[in-house]
Each structure stands twice: as C-alpha cells, then as structure tokens.
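# This is a predicted model, with the sequence first.
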Amino acid sequence: MAAAAVLLPPVTPPTYHRIVSPTLTIPSDPQVSIPVGLLACQRDPHLRDLVTVVVSSRLSQSHSVPSNGRKSKKDKAPPAPTEPLLEIILHDTIIFPEGGGQPSDVGLLTSADGELWDVIEVKRHGGHAVHYIRAHDLTGESALQVFTPGARVGVALGEEGLKRRIDHTCMHTSQHLLSAILETRLGLPTLSWGITAFPTPSYVEIPRGLTPSELTVIQDEVNRLVFEGHSVHVEVEELDRTQLALDPGRTTSKGVPVDYTGGVKRTVVIDGIDRSPCCGTHFPSLHNLPLFLVPHADASERASTASVRLCFLAGPRLIAHLSSTHALLSSTAVTMSCGASQVPERVEQVVEERRRFAKRIEELERELASTVAREMAGAGAVLHRHRTDDSANALGFLNAISVAYTGLAPGPHLVVLSSSPSAQSAQSTNVVLVFGSDEKEVKEVGEGLRSKLGVKGGGKGTRWSGKFVGVWKDGREGTLVDEVLNTAKGL
C-alpha cells in the first residue's frame with residue numbers, strides 16, 4: 001500500500017497573542033463588534049475562515065471605497081459601477097482592514113443561503129472594521145435583507161485573499177526585522193515604509209543611503225536572524241495615549257492614528273530583537289522569511305531633508321523576483337548564444353561592437369554628406385533637396401550636409417533640406433532643415449514653411465529646423481517648399 005502524505009495547514013502557537021492588561025477582554029456579545037487590534041486576523045494570522053454575526057449593514061454613500069484622505073495625482077476616477085456598495089460591520093473578521101502601512105485584505109462572505117459575496121476592501125472607521133461588498137442588485141435593498149443585524153455569515157480569505165495575506169504578512173514582518181537592524185547596527189531610524197503592489201519591492205525610508213559594505217552587513221545580519229528562527233508574538237493592552245511617548249520600543253512616523261477609537265495598544269515583538277507598536281498581521285516566526293535588499297536606492301525629498309528609500313524583497317515577492325530574473329537571464333543567454341554565466345561578458349562585447357559600428361557609421365555619413373554637399377554646390381545657391389532616410393537621426397545627417405555645404409559655398413546661399421521615411425503614413429514624421437547666409441531670409445523661409453505646410457519648429461541665427469507629420473509628396477509638399485524659397489528670394 002502506497003504511503004500518503006497529508007499537508008495540514010499551519011497552526012499559530014497559543015502563546016502568540018498575549019493580552020497583558022488584566023482589565024482588557026475580547027467582547028463576547030455577538031452584537032458588539034470586536035475593535036481593530038483584537039480582530040481574529042490579528043490574533044491568529046494563519047486563520048483562513050470563521051463564522052460570525054452581522055452587527056450592522058448599510059448602503060454606502062459612495063460607489064467607490066473611500067481613500068481615507070490619501071490621493072495621488074496619478075489616480076484616475078474609477079468607472080461608475082453598476083451595483084452599489086454595502087458597508088458591513090461584523091462581530092469578528094479574519095479579513096484585515098488597511099492600516100499601519102499594510103493594505104487591506106480581500107476575501108469572501110457567505111450568507112445563510114450559501115451565496116458568495118466578494119469583499120473588495122476593508123477599512124478602519126474609528127475602531128471598527130468596515131467590509132465593503134458589491135450588492136448583487138441595482139438598488140442594494142435585497143443585499144440589505146441578507147445582511148441584517150444578527151445574521152450569521154461565513155468569512156473566508158479565499159484563494160486570492162490567502163495569497164495576498166501571505167505576501168503582505170511576509171513583507172510586514174520582514175520590514176520590522178529590517179528596520180530594527182538598521183536602527184541598532186547603523187543608527188538609522190525608519191522614517192516611513194510602504195507595501196507596494198505585488199511583485200514590486202517594498203521599501204523603508206531612511207535618512208541616508210547605504211554603502212555597498214553596509215548593505216552586505218545588514219542583509220547578512222537579517223538573514224542570520226531569519227535562519228535562527230526567532231519567534232514573534234503580539235502583546236495587547238489598553239491604550240493610554242499619554243504613555244505612548246514613554247514606550248521603550250521602536251517607533252516609526254506612522255504611530256497610532258489620531259482617529260483610532262478601538263482603545264487597544266498592540267505591540268509586535270520579535271524575541272530578543274525588536275518591539276514595535278503595530279496593527280498589522282505577522283507570522284509567529286522569522287522562519288522562511290529570507291530577505292534581499294535591492295542595491296539601487298531611490299532618493300526622495302522629505303520636507304527639506306533628503307532621504308532614501310531602501311527597497312527589499314521577501315516571501316512570495318522574492319520567489320517571483322528570482323523566477324523572473326532567471327527567465328530574463330535564460331532568454332538573454334539564448335539570444336546571445338552563450339551560457340548564463342557568460343551573459344555579462346557577451347553583453348560587453350556586443351556593446352563594444354555597437355560602439356565601433358556607430359563610430360564607423362558616423363565616418364561614412366560624413367563622407368556621404370560631403371559627396372551630397374559637393375553635388376548641391378554645383379546646382380546653385382538657392383535650392384531644395386529631399387531625401388528618403390529611415391535612420392533614427394535623419395536630422396543629424398541633414399545637419400552634416402549643411403556643414404559640408406557651407407564650407408564649399410561660402411557665398412550667399414539659401415537651402416532647404418528635407419527627409420522622409422521610406423514607408424509613409426498619416427503619422428509619419430518628416431524633418432526639415434533650413435540654412436543660409438542671411439538670417440532674415442532663413443527666418444522668412446521657416447515662417448513660410450510653418451504657415452503653408454504646418455511645419456512645427458524654430459531656429460536661431462542662420463539655421464531653422466522643424467518637423468512635419470504626414471505623407472510627404474514631391475508634387476505637393478515639395479512644390480510648396482519651392483514656392484516659399486522663391487518668395488523669400490523675390491523670384
């Protein structure tokens with residue numbers, strides 16, 4: 001008989017959540033919501049589902065989840081939804097409400113009739129966790145009938161919610177560890193921090209950047225502690241705002257929000273390493289949380305003092321980073337026809353070859369420009385020449401021609417050079433260069449091209465250049481250029 005393996009879900013130790021105030025208790029009345037700070041998701045980070053009771057429900061005044069006042073210039077107005085939002089407060093929940101730098105979880109509610117309702121976000125309002133769900137009807141009245149106070153509902157993270165929870169928890173616990181080591185080893189406090197969208201690196205903001213040797217020291221120290229597997233637990237007590245400044249633990253600029261009314265102070269403790277006030281979710285151990293510091297640091301301005309965002313990866317993001325990096329390296333190795341370890345050397349070779357080719361092309365273009373200029377010099381002092389050129393710097397070649405022509409024809413002259421790609425469309429970009437011996441004539445031709453052809457450009461002195469978007473035809477645009485030239489010369 002073949003052996004069978006049964007994978008059991010992880011279990012949070014009973015010593016993880018510790019109430020250290022003798023007068024603090026978790027509300028047991030199902031019609032009273034447990035405050036943020038004592039929620040099931042904060043008492044047991046491994047809990048994936050539970051059954052609870054609706055405390056209150058109402059139609060939201062907005063069709064989008066409120067942003068708690070945080071807005072970005074890049075934010076765009078969301079499309080108007082076809083279904084209204086419901087705001088639901090439960091007696092307890094395993095879906096974490098946004099707070100402490102950690103984004104909200106997502107999850108599912110299961111009503112008594114077995115219907116599933118997507119929880120798109122959870123926000124903290126005062127001390128309550130408010131669940132935002134989409135109603136399944138246009139008015140929301142039917143949904144309100146389902147979520148009446150006292151109704152029993154199931155709460156679950158679901159597959160996507162569990163992935164999101166694991167990611168956020170890995171990054172949050174890793175941030176606590178990283179911030180603690182930065183402060184104890186280098187005296188660098190964490191000014192702020194943030195969990196970015198998966199799979200990009202998250203960051204801690206510190207007063208200055210790290211040297212390469214400091215980066216290595218911090219990363220090695222963090223991972224040594226991870227491999228030692230220090231335990232993590234949470235201590236909760238009644239909140240006394242007058243005592244917050246006296247707390248000996250590490251703090252960040254976030255602190256306890258002024259609008260928090262839950263009455264609970266929550267401290268996350270990494271045994272022997274760190275104590276920090278925090279409302280987020282954290283794993284009971286540092287095991288399985290290797291951390292990688294991204295060498296590149298983003299500079300940012302914090303008031304008048306320059307600070308730096310030190311980016312890091314852990315948990316699922318580190319695995320995603322390794323997977324994508326390996327895929328990119330393997331793909332590049334195939335393109336370069338070499339082994340992965342030889343990619344840096346081959347890239348250097350290709351870059352050097354390209355540099356040599358670019359230099360040779362410049363030399364050939366100068367020779368060609370001189371040949372074209374000699375041909376033009378024999379054709380007269382007032383003329384227009386049009387070329388077909390698919391290079392990325394067609395204007396640069398026209399400039400080379402103008403320099404060579406000026407050296408060959410030092411007398412009075414007025415010349416228009418134009419260039420178009422071989423395959424043209426209504427979006428094609430054509431370049432135009434005007435040069436001559438008389439500044440007034442050059443300016444007059446430039447203005448004529450702007451008014452008659454719609455060329456956008458400008459110039460200074462005896463040179464003017466611009467761009468024309470569209471299809472260039474010699475019998476149309478070319479004729480107009482000739483007319484502008486003749487007008488400027490009074491011909």
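Thanks, I have it. Residues are numbered from 1 along each chain as shown.
# Listing partners with orientation, what would you give for whichever strand or helix holds residue 88?
Using DSSP states H and E, residue 88 sits within strand 85-90. Sheet pairing of strand 85-90 (DSSP bridges) gives strand 49-59 (antiparallel), strand 128-134 (antiparallel).
# Restricting to C-alpha, output the helix or strand just after it in CSV.
As assigned by DSSP H and E, the chain's next helix or strand after strand 85-90 is strand 107-110. C-alpha atoms of strand 107-110 as CSV (Å, rounded to 0.1, in the frame of the first residue of the first chain):
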residue,chain,number,x,y,z
GLY,A,107,-12.0,37.9,0.8
LEU,A,108,-15.4,36.4,0.7
LEU,A,109,-18.6,36.5,2.8
THR,A,110,-21.0,33.5,2.6
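# Report the mean confidence score over strand 107-110.
For strand 107-110, mean pLDDT rounds to 97.
# Just read off the phi/psi values of residue 419.
Main-chain torsions, residue 419, degrees, to the nearest 10: phi -150, psi 140.
# pLDDT score for it?
Predicted confidence (pLDDT) at residue 419: the value is 94.
# Equivalent analysis for residue 79, please.
pLDDT recorded at residue 79 is 52.
# likewise the one 10 residues further on?
Here the pLDDT value assigned to residue 89 is 97.
# ok now do it, which residues does it touch?
By Cβ atoms under 8 Å, 6 or more residues apart in numbering, the contact list for residue 89 reads 33, 54, 55, 56, 57, 128, 129, 130, 131. Every C-beta, even on glycine, is put in place using the N, C-alpha and C of the backbone.
# now do 10 Å
Shown in contact with residue 89 (Cβ atoms under 10 Å, 6 or more residues apart in numbering): 33, 54-58, 125, 128-131, 147, 149.
# Please apply the same query to residue 170.
195, 202, 281-283, 288-291, 313-318.
# quick check, it in a helix?
Yes. Under DSSP: H, G, I helix; E, B strand; the rest coil, residue 170 sits within a helix.
# Can you tell me the closest non-neighbouring residue to it?
Once flanking residues are discounted, residue 170 sits nearest to residue 315: 2.7 Å by Cβ to Cβ, 6 or more residues apart in numbering.
# swap in residue 180?
residue 274 (3.6 Å).
# Who does that neighbour form a beta bridge with?
With DSSP bridges as the rule, residue 274 is bridged to residue 270.
# Check whether it really touches residue 268, as I assumed.
Yes. Under the criterion of Cβ atoms under 10 Å, residue 274 makes contact with residue 268 at 7.8 Å.
# what helix or strand is residue 361 on?
helix 343-377.
# packing partners for that helix?
helix 315-336, strand 382-388, helix 394-408, strand 414-420 (3 or more Cβ pairs under 10 Å, 6 or more residues apart in numbering; DSSP states H and E).
# Turn those into a markdown table, including mean neighbour count and distance to residue 18.
As requested, these are exported to a markdown table (neighbours: other Cβ atoms under 10 Å; distance: least, Cβ to Cβ, whole Å):
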| stretch | mean neighbour count | distance to residue 18 |
| --- | --- | --- |
| helix 315-336 | 14 | 25 |
| strand 382-388 | 17 | 78 |
| helix 394-408 | 19 | 71 |
| strand 414-420 | 25 | 75 |
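# got a markdown table for these, with distance to residue 50 too?
Listed next are the helices and strands packed on helix 343-377 as a markdown table, based on distance: least, Cβ to Cβ, whole Å:
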| stretch | distance to residue 50 |
| --- | --- |
| helix 315-336 | 24 |
| strand 382-388 | 72 |
| helix 394-408 | 67 |
| strand 414-420 | 69 |
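# looking at these, which is closest to residue 191?
helix 315-336 (21.9 Å; Cβ to Cβ).
# residues touching the residue nearest to residue 180, list them.
Neighbouring residues of residue 274 by Cβ under 10 Å, 6+ apart: 176-181, 183-184, 225, 230, 232, 249-250, 267-268.
# again, but for residue 439
Residues counted as contacts of residue 439 (Cβ under 10 Å, 6+ apart) are 459, 460, 461, 462, 463, 464.
# swap in residue 345?
By Cβ under 10 Å, 6+ apart, the neighbours of residue 345 are 336, 338.
# helices and strands of this structure: which one has the lowest mean pLDDT?
Sorting the helices and strands of the chain by mean pLDDT, DSSP states H and E puts strand 291-302 at the bottom, at a mean of 73.
# Verify the contact between residue 150 and residue 55 for me.
Yes. The pair residue 150 / residue 55 is scored as a contact, 8.6 Å apart, by Cβ under 10 Å.
# so what's in contact with those two at the same time?
30, 31, 91.
# helix/strand/coil for the second one?
The assignment at residue 31 comes out as coil when based on three-state DSSP.
# State the pLDDT value of it.
Confidence score, pLDDT, at residue 31: 94.
# Could you report the distance from it to residue 151?
Here the criterion is Cβ to Cβ, to the nearest Å. By it, residue 31 lies 11 Å from residue 151.
# shared neighbours of the two, anything?
With Cβ under 10 Å, 6+ apart as the test, residue 31 and residue 151 both reach 53, 54.
# In the stretch 101-250 of the chain, where is pLDDT below threshold?
Across the stretch 101-250 of the chain, the ranges flagged by pLDDT under 70 are 244-250.
# In it, what residue spans correspond to strands?
Assigned by DSSP state E, counting those that start in this stretch, the strands in the stretch 101-250 of the chain fall at 107-110, 116-125, 128-134, 152-156, 192-194, 202-206, 232-238.
# Tell me which residues are up against the fourth one.
Pointing back at strand 152-156 there. Strand 152-156 is contacted from outside by 30, 40-41, 47-54, 88, 90-95, 107-112, 114, 116-117, 119, 131, 146-147, 162, using Cβ under 10 Å, 6+ apart.
# on that earlier part again, filter the contacts of residue 439 down to just the buried residues.
Buried members of those, scored by 16 or more other Cβ atoms under 10 Å, are 459, 462, 463, 464.
# Format those residues as JSON lines; extra columns: distance to residue 212 and secondary structure.
Shown next, in JSON lines, are the buried ones among the contacts of residue 439 (distance: Cβ to Cβ, whole Å; DSSP: H, G, I helix; E, B strand; the rest coil):
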{"residue": "459", "distance to residue 212": "48", "secondary structure": "strand"}
{"residue": "462", "distance to residue 212": "52", "secondary structure": "coil"}
{"residue": "463", "distance to residue 212": "47", "secondary structure": "strand"}
{"residue": "464", "distance to residue 212": "50", "secondary structure": "strand"}
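# Just the closest of these to residue 434, please.
residue 464 (4.2 Å).
# Tell me which residues touch the closest residue to the closest one other than its chain neighbours, please.
Sequence neighbours aside, residue 446 is the residue nearest to residue 464 in space, at 3.7 Å (criterion: Cβ to Cβ, 6+ apart). Residue 446 makes contact with 416, 432, 434, 455, 457-459, 463-466, 484, 488, according to Cβ under 10 Å, 6+ apart.
# residues touching the spatially closest residue to residue 366 that is not a sequence neighbour, list them.
Closest residue to residue 366 apart from its sequence neighbours, by Cβ to Cβ, 6+ apart: residue 400 at 5.9 Å. Going by Cβ under 10 Å, 6+ apart, residue 400 touches 362, 365, 366, 367, 368, 369, 370, 372, 373, 393.
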